[in-house]
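S.K.: got a predicted model here, sequence first, then my questions.
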Amino acid sequence: MTYSTETTPTARIAEAIERADAVLIGAGAGLSTAAGLTYSGPRFDENFADFRDHFGIRDMYAGGFYPFPDEETYWAWWSRHIMINRYDIVPGSPYTDLLGIVRGRDYFVLTTNVDHQFQLAGFDKSRLFYTQGDYGLFQCSRPCCQETFDNEETVRAMVAQQHDMRVPTALVPHCPHCGAPMTVDLRADDTFVQDAGWYAANDRYAAWLSAHDGQRVVMLELGVGGNTPVIIKYPFWRMTAANSQATYVCINLEDVRVPAEIDAQSICVEGDLGRVLAQVKEAL
C-alpha cells in the first residue's frame with residue numbers, strides 16, 4: 001500500500017482500516033494507562049497511602065509482588081487493587097474510541113491486560129482473548145485444578161470490611177477442592193491456571209487467524225511494551241512479514257520500531273494513545 005508523503009500517520013491508519021478485510025488488535029498496558037488506569041502517582045497515593053507509609057510500597061505494580069506478613073494483609077491490598085482496577089471503574093475513552101473504530105468490522109482482540117476494560121466498553125466477549133488472566137477471578141495457589149472462581153462478591157466484602165490494612169480472617173478465600181489459599185488468576189509463574197474459558201478463547205483466536213490467512217489484515221498494536229513481546233509484538237511482526245497484504249500499525253508513547261523487512265508495510269506513531277485513537281476514529 002502506498003500513500004502520499006503529505007498524508008498524516010493517523011489518516012494512513014484510518015485508510016488502512018477502511019480498506020482492510022479484518023482488524024487484529026493487540027493491546028498492552030499502555031492502552032489502560034492512556035485510559036487513566038495509572039499504577040503510580042496521585043491515583044496510587046489516593047488509594048494506598050496507608051500501605052505506602054507502613055510498608056514503603058511506591059506503586060501498585062510493586063505492591064503486587066510485596067511479601068505481606070499474612071493472608072489478611074495480602075487480601076486487604078489485593079481487594080483494594082482489584083476493586084479500583086476491575087470493578088469500581090468505567091471504560092476509558094481510548095477503549096470506547098477503539099470500539100467505534102472497529103464496530104461493524106471483523107475484528108479480534110488479543111490482550112495482556114487483565115482489567116476488563118474491553119468488556120466494559122462493549123466489545124464482543126467472543127472476540128476477546130485475555131492471555132494473562134483476569135482480576136475478576138480467583139484460582140487455587142497450589143494449583144490443584146485448572147479451574148477459576150468469580151471473586152466480585154468476596155472482593156467487595158473485603159473492601160467494605162477491612163480495617164488497619166487487614167481483612168477479617170473469615171473472608172480469606174481458600175480453594176473449595178483442596179483448602180489451599182486462593183490467589184488472583186494472573187500469569188506470574190508456572191502456577192497460572194488456564195481454565196476452560198482460556199482454552200476456548202485461544203481456540204477462537206486460532207480459528208480467526210486461520211480464516212483471515214492471506215487477507216488484508218491490519219495488525220493494530222496498542223501500548224505494548226517490552227515486558228512480554230512474545231505474546232503480541234513478535235507474532236504481529238511475523239504475521240505481517242508472512243502476509244504481503246497485511247499492514248502493521250504500532251501506536252505507543254515510546255519505543256515505536258519495526259524490523260526492516262516489514263518497514264514498507266508499517267505505520268508507526270509515537271504519542272498519546274488516547275489522542276491518536278480519537279483522531280483515527282474521527283478520520284473514519
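M.R.: Happy to help now that I have it. Numbering: from 1, shown residues only.
S.K.: what ranges do the strands span in the stretch 1-150 of the chain?
M.R.: 22-27, 107-111, 128-130, 133-140, 148-150 (DSSP state E, counting those that start in this stretch).
S.K.: sheet-wise, list the partners of the fourth one with their directions.
M.R.: If you go by DSSP bridges, strand 133-140 pairs up with strand 148-150 (antiparallel), strand 182-186 (antiparallel).
S.K.: just name the most buried of those strands.
M.R.: strand 182-186 (a mean of 22; mean count of other C-beta atoms under 10 Å). Just so you know, the C-beta spots here come from the backbone N, C-alpha and C atoms, and that holds for glycine as well.
S.K.: now what about the following helix or strand past that strand, what contacts it?
M.R.: Per DSSP states H and E, the first helix or strand lying C-terminal to strand 182-186 is helix 196-211. Applying C-beta atoms under 8 Å, 6 or more residues apart in numbering, the external contacts of helix 196-211 come out as 22, 24, 108, 110, 126-131, 146, 148, 239.
S.K.: what angle separates helix 196-211 from strand 133-140?
M.R.: 140 degrees (axes from the mean of the first three to the mean of the last three C-alpha atoms, to 10 degrees).
S.K.: identify the residue spatially nearest to the residue positioned nearest the centre of the chain, adjacent ones excluded.
M.R.: Centroid check for the chain by C-alpha atoms, centre = their mean gives residue 113 as the closest residue, at 1.5 Å. In space, and not counting its chain neighbours, residue 113 is closest to residue 32: 5.4 Å by C-beta to C-beta, 6 or more residues apart in numbering.
S.K.: mind listing what the one you found touches?
M.R.: Shown in contact with residue 32 (C-beta under 8 Å, 6+ apart): 92, 113, 115, 117, 223.
S.K.: touching, the second one and residue 30? I think so.
M.R.: In this case it means residue 113. No. Residue 113 sits out of contact with residue 30 when judged by C-beta atoms under 8 Å, with a separation of 9.6 Å.
S.K.: about what we covered before: quick one: the strands paired with strand 133-140 as TSV, columns for mean pLDDT too.
M.R.: Output for the strands paired with strand 133-140, formatted as TSV (pLDDT from 0 to 100):
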stretch	mean pLDDT
strand 148-150	98
strand 182-186	98
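S.K.: and these: which comes nearest residue 14?
M.R.: Nearest to residue 14, of all the strands paired with strand 133-140, is strand 182-186, at 34.8 Å by C-beta to C-beta.
S.K.: what's the separation between residue 247 and residue 118?
M.R.: Distance of residue 247 to residue 118, given as C-beta to C-beta, to the nearest Å: 22 Å.
S.K.: where does the stretch 1-150 of the chain dip in pLDDT?
M.R.: Applying pLDDT under 70 to the stretch 1-150 of the chain flags the ranges 1-6.
S.K.: which stretches in it count as helices?
M.R.: In the stretch 1-150 of the chain, the segments counted as helices under DSSP state H, counting those that start in this stretch are 9-19, 29-34, 42-55, 60-63, 71-82, 93-102, 117-121.
S.K.: then the stretch 151-284 of the chain?
M.R.: Ranges of helices in the stretch 151-284 of the chain, per DSSP H, counting those that start in this stretch, are 152-161, 196-211, 233-242, 273-283.
S.K.: please identify the most buried of those.
M.R.: Between the helices of the stretch 151-284 of the chain, helix 273-283 has the highest mean count of neighbours, a mean of 20, where neighbours are mean count of other C-beta under 10 Å.
S.K.: list the contacts of it.
M.R.: 10-11, 13-14, 17, 30-31, 34-35, 92-94, 97-98, 100-101, 222-223, 251-253, 269.
S.K.: let's see it at 7 Å
M.R.: 10-11, 13-14, 30-31, 34, 93-94, 97-98, 100-101, 222-223, 251, 269 (C-beta atoms under 7 Å, 6 or more residues apart in numbering).
S.K.: could you find the closest non-adjacent residue to residue 18?
M.R.: Using C-beta to C-beta, 6+ apart, the closest residue to residue 18 is residue 284 (6.4 Å).
S.K.: wait, the one you found sits on residue 103?
M.R.: No. Using C-beta atoms under 7 Å, residue 284 is not in contact with residue 103, being 9.9 Å away.
S.K.: quick revisit: identify the residues contacting the residue nearest to the centre of the chain.
M.R.: The contact partners of residue 113, taken as C-beta under 7 Å, 6+ apart, are 27-29, 31-32.
S.K.: and it, how close does it get to residue 77?
M.R.: For residue 113 relative to residue 77 (C-beta to C-beta), the value is 20 Å.
S.K.: what's the separation between residue 138 and residue 101?
M.R.: 34 Å.
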